[in-house]
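Visitor: How does the following fold in three dimensions:
(2 chains)
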Amino acid sequence: RKEVEQDPGPFNVPEGATVAFNCTYSNSASQSFFWYRQDCRKEPKLLMSVYSSGNEDGRFTAQLNRASQYISLLIRDSKLSDSATYLCVVNLGSTGRRALTFGSGTRLQVQP
Amino acid sequence: GAVVSQHPSRVICKSGTSVKIECRSLDFQATTMFWYRQFPKQSLMLMATSNEGSKATYEQGVEKDKFLINHASLTLSTLTVTSAHPEDSSFYICSARDQGQHYEQYFGPGTRLTVT
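Guide: A predicted model of the protein is given here:
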């Protein structure tokens, strides 16, 4: 079983749509959770950290369910510029010395 | 967010030669940096963890004598691909930890290596 699992997609949605991505992680000792965005042939960029209480940043809402080991990302009012691969990322350690574990990503294509 | 640079951004080399990639944290100090590799349409795979002033920790299956890592200062880590082969062609990305509450890691722009 992969440590971090995501639906690879692609998710093809029209502009203005709301889309949700889900992610599950296998290690219950995981401490920190993130969503990164990666554009084609570019490096990943941090989109948002995921807090236990859930958090929102503009059109993006992230939620964490530790009991189910499940993370979600909701994008409202999709823009063409949201087209990218979204990476669910987990940090197993409680310190920064541990590397991140990446899911394989969910590809989003927003269409006009 | 914090800025991490990588150099070069793209390199083409002949089989058997060595290539050095630099990773710098520009506006913060990074005691730990990470080196990843990404093949087309695949996820990032951790190669090694680079610790300032000590030996790097390599992931299983990554040859430490082939991928030499040096982290001589708090702002610079280097990865040298020795005796490169075409199968080493990949996208190499470094990241560095910023001492934020949740230990966000910021990535360099990556180096695309093509070995002919």
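Visitor: For chain B, which residues are neighbours of chain A?
Guide: B:1, B:32, B:34, B:42-44, B:46, B:49, B:51, B:91, B:93, B:95, B:97, B:99, B:102-110, B:112 (C-beta under 8 Å from any C-beta of the partner chain). Glycine gets a C-beta too; all of them are placed from N, C-alpha and C.
Visitor: now check the helix or strand bottoming out on mean pLDDT in chain A, is it near chain B?
Guide: Sorting the helices and strands of chain A by mean pLDDT, DSSP states H and E puts strand A:100-102 at the bottom, at a mean of 85. Yes - with C-beta under 8 Å from any C-beta as the measure, strand A:100-102 is seen reaching chain B through A:Leu100, A:Thr101, A:Phe102.
Visitor: Contacts only, for the second one.
Guide: If a contact means C-beta atoms under 8 Å, 6 or more residues apart in numbering or on different chains, then A:Thr101 has A:Glu3, A:Val4, A:Tyr25, A:Val89, A:Val90, A:Asn91, A:Leu92, B:Leu46 as its contacts.
Visitor: Show me what the one helix or strand the last one maps to is packed against.
Guide: Secondary-structure assignment from DSSP states H and E places B:Leu46 in strand B:45-51. Helices and strands touching strand B:45-51, by 3 or more C-beta pairs under 8 Å, 6 or more residues apart in numbering or on different chains; DSSP states H and E, are strand B:32-38, strand B:57-58, strand B:67-73, strand B:76-81.
Visitor: Can you check which of these gets nearest to A:Glu56?
Guide: strand B:32-38 (28.5 Å; C-beta to C-beta).
Visitor: quick one: contacts of that closest one?
Guide: With C-beta under 8 Å, 6+ apart as the test, strand B:32-38 has contacts from A:96-97, A:99-100, B:23, B:25, B:44-52, B:67, B:69, B:71, B:77, B:79, B:90-97, B:105, B:110.
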